[in-house]
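Engineer: structure of the sequence below:
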Amino acid sequence: MVDLTTTYLGLNLKNPLVASSSPLSQKVETVIQMEEAGIAAVVMYSLFEEQIIHESMKLHRDLLRGTESYAEAMDYLPEVGQFSIGPDAYVKHLQKVKRAVSVPVIGSLNGISTGGWIEYAQKIEEAGADALELNLYDLATDPDLTSAELENAHITLVSDIRHRIQIPIAVKLSPFYTALPNFARRLTEAGADGLVLFNRFYQPDFDLEELEVAPNLVLSSSQEVRLPLRWIAILFGRVPADFALTSGVHTGADVLKAVMAGACVTNIASAFLQQGISRVPEILAEVETWMVEHEYVSINQMKGSMSQQAVADPAAFERANYMKVLSSY
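Structural biologist: Predicted coordinates:
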């Protein structure tokens with residue numbers, strides 16, 4: 001019998017499968033089903049910064065009712081109906097989920113600035129969350145904003161929250177940083193216990209009939225696992241953080257590759273949304289079968305075995321791989 005246990009953010013997990021932040025956690029019953037299927041931990045769907053701002057501005061507008069001082073400002077914010085529930089209801093829902101399951105429950109905040117974030121990070125901790133995932137979903141569009149200014153703002157956010165809560169913090173990043181290894185190390189110095197690689201930027205589409213910019217959700221495929229796989233393999237052993245690989249994990253092979261690169265866990269959403277929660281035991285069976293066939297006894301035995309520091313040809317993760325791929329076609 002192989003040992004699938006792993007540790008992530010100081011949490012002891014029965015296997016490396018974590019339910020990523022998704023609509024699946026919006027119902028307590030669904031989270032219970034995921035636990036029964038064999039999931040090791042659950043990341044709650046995100047509480048968005050816009051929700052916190054909207055609630056704060058609505059309160060201020062109510063206090064100033066009868067004036068016109070906030071009418072224009074409110075037009076810049078999304079309607080509250082675009083989000084599932086408000087911030088206080090999110091915290092209450094997290095409490096219900098935490099009471100209903102025994103696996104670790106990780107809260108999720110999605111945004112880019114401090115403000116009300118610290119308050120809700122504390123509320124999530126008080127609600128019983130075992131850890132907090134900060135999702136830095138930030139698309140830089142201002143030509144006057146430098147990369148250094150953007151990174152410093154993110155470092156400040158992590159540092160501010162770290163000083164106010166005690167539970168572990170994981171930071172979910174996009175791949176679009178100029179010098180990712182340096183930024184990753186700075187995040188750990190600011191207090192991040194783990195890094196989640198990578199966030200997927202959902203690209204807008206154009207509706208040619210209505211002449212509008214339209215949202216278009218495309219779920220991931222296994223091909224997308226290569227990008228986080230490469231960067232976790234490069235960062236493993238160099239940046240003192242626990243790594244979670246997300247985007248593109250659909251099979252047992254994807255999980256095995258992630259662990260060999262250096263990931264503690266894999267965060268999965270699209271596979272469950274596409275094929276159902278029953279995919280959990282199937283993926284675990286695929287992992288176990290491969291490990292038995294290749295005489296691995298534990299997840300920890302293979303962790304980081306294919307990282308850049310461990311492989312015979314470290315240059316395969318850098319420009320040498322780029323040249324080899326082009327010349328091999």
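Engineer: was I right about Q166 contacting E126?
Structural biologist: No - the pair Q166 / E126 is not scored as a contact, 10.7 Å apart, by C-beta atoms under 8 Å. C-betas here are computed from N, CA, C, even on glycine.
Engineer: tell me which of the two has more neighbours.
Structural biologist: Using other C-beta atoms under 10 Å as the criterion, Q166 and E126 rank with E126 on top: 12 against 8.
Engineer: how far away is that one from R226?
Structural biologist: Look at E126 and R226: by C-beta to C-beta, to the nearest Å, they are 39 Å apart.
Engineer: D193 now?
Structural biologist: In terms of C-beta to C-beta, D193 sits 26 Å off from R226.
Engineer: so which of those two has more stuff around it?
Structural biologist: With neighbours defined as other C-beta under 10 Å, D193 and R226 compare such that D193 has more, 20 against 12.
Engineer: which residues touch that one?
Structural biologist: 9-10, 131, 168-170, 241-242 (C-beta atoms under 8 Å, 6 or more residues apart in numbering).
Engineer: how deep is the nearest residue to T5 once chain neighbours are set aside tucked in, by neighbour count?
Structural biologist: Counting by C-beta to C-beta, 6 or more residues apart in numbering, T5 lies nearest to K14, which is 5.8 Å off, once chain neighbours are set aside. Residues near K14, counting by other C-beta under 10 Å, number 15.
Engineer: isn't K14 up against T7?
Structural biologist: No - contact criterion C-beta under 8 Å: K14 and T7 do not qualify, at 11.0 Å.
Engineer: spell out, range by range, the strands that occur in this structure.
Structural biologist: 6-8, 11-13, 17-19, 41-43, 47-48, 105-110, 131-135, 169-173, 194-197, 205-207, 212-214, 242-246, 265-268 (DSSP state E).
Engineer: packing partners for the second one?
Structural biologist: Where contact means 3 or more C-beta pairs under 8 Å, 6 or more residues apart in numbering; DSSP states H and E, strand 11-13 is not packed against any helix or strand.
Engineer: pull the distance from it to the chain's centre.
Structural biologist: 17 Å (C-alpha atoms, centre = their mean, to the nearest Å).
Engineer: so what strands line up beside it?
Structural biologist: strand 6-8 (antiparallel) (DSSP bridges).
Engineer: please spell out which residues along the strand it pairs with are buried.
Structural biologist: 6, 8 (16 or more other C-beta atoms under 10 Å).
Engineer: same check, this time on stretch 28-40
Structural biologist: Buried residues in stretch 28-40 (16+ other C-beta under 10 Å): 30-31, 33-35, 37-40.
Engineer: just the C-alpha atoms of that stretch, please, in PDB.
Structural biologist: As requested, the backbone C-alpha atoms of stretch 28-40 are provided in PDB (Å, rounded to 0.1, in the frame of the first residue of the first chain):
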ATOM      1  CA  VAL A  28     -22.300  22.700   1.900                       C
ATOM      2  CA  GLU A  29     -23.700  19.500   0.500                       C
ATOM      3  CA  THR A  30     -21.300  19.600  -2.400                       C
ATOM      4  CA  VAL A  31     -18.300  20.100  -0.100                       C
ATOM      5  CA  ILE A  32     -19.500  17.100   1.900                       C
ATOM      6  CA  GLN A  33     -19.600  15.100  -1.300                       C
ATOM      7  CA  MET A  34     -16.100  16.100  -2.200                       C
ATOM      8  CA  GLU A  35     -14.900  15.000   1.200                       C
ATOM      9  CA  GLU A  36     -16.700  11.600   0.800                       C
ATOM     10  CA  ALA A  37     -15.100  11.200  -2.600                       C
ATOM     11  CA  GLY A  38     -11.600  11.500  -1.100                       C
ATOM     12  CA  ILE A  39     -10.600  15.200  -1.500                       C
ATOM     13  CA  ALA A  40      -7.900  16.100   1.000                       C
END
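Engineer: which residues touch it?
Structural biologist: So stretch 28-40 is in contact with 6, 13-19, 24-25, 42, 93, 96-97, 100-105, 265, 272, 277-278, 280-281, 284, going by C-beta under 8 Å, 6+ apart.
Engineer: just the buried members of these?
Structural biologist: 6, 13, 15-19, 24-25, 42, 93, 97, 101, 103-105, 265, 272, 277, 280, 284.
Engineer: so how far is P215 from E36?
Structural biologist: From E36 to P215 the distance is 32 Å (C-beta to C-beta).
Engineer: just checking, P204 touches L217?
Structural biologist: No - shown here, P204 and L217 do not form a contact pair, counting by C-beta under 8 Å, at 10.6 Å.
Engineer: now do the contacts for L132.
Structural biologist: With C-beta under 8 Å, 6+ apart, L132 has these contacts: 106-109, 121, 124-125, 161, 165, 167-170.
Engineer: out of those residues, the closest to L256 would be?
Structural biologist: A170 (21.6 Å; C-beta to C-beta).
Engineer: tell me the pLDDT at the nearest residue to the closest one once chain neighbours are set aside?
Structural biologist: Leaving aside its sequence neighbours, A170 sits nearest to G194 (C-beta to C-beta, 6+ apart; 3.7 Å). Looking at G194, its pLDDT is 98.
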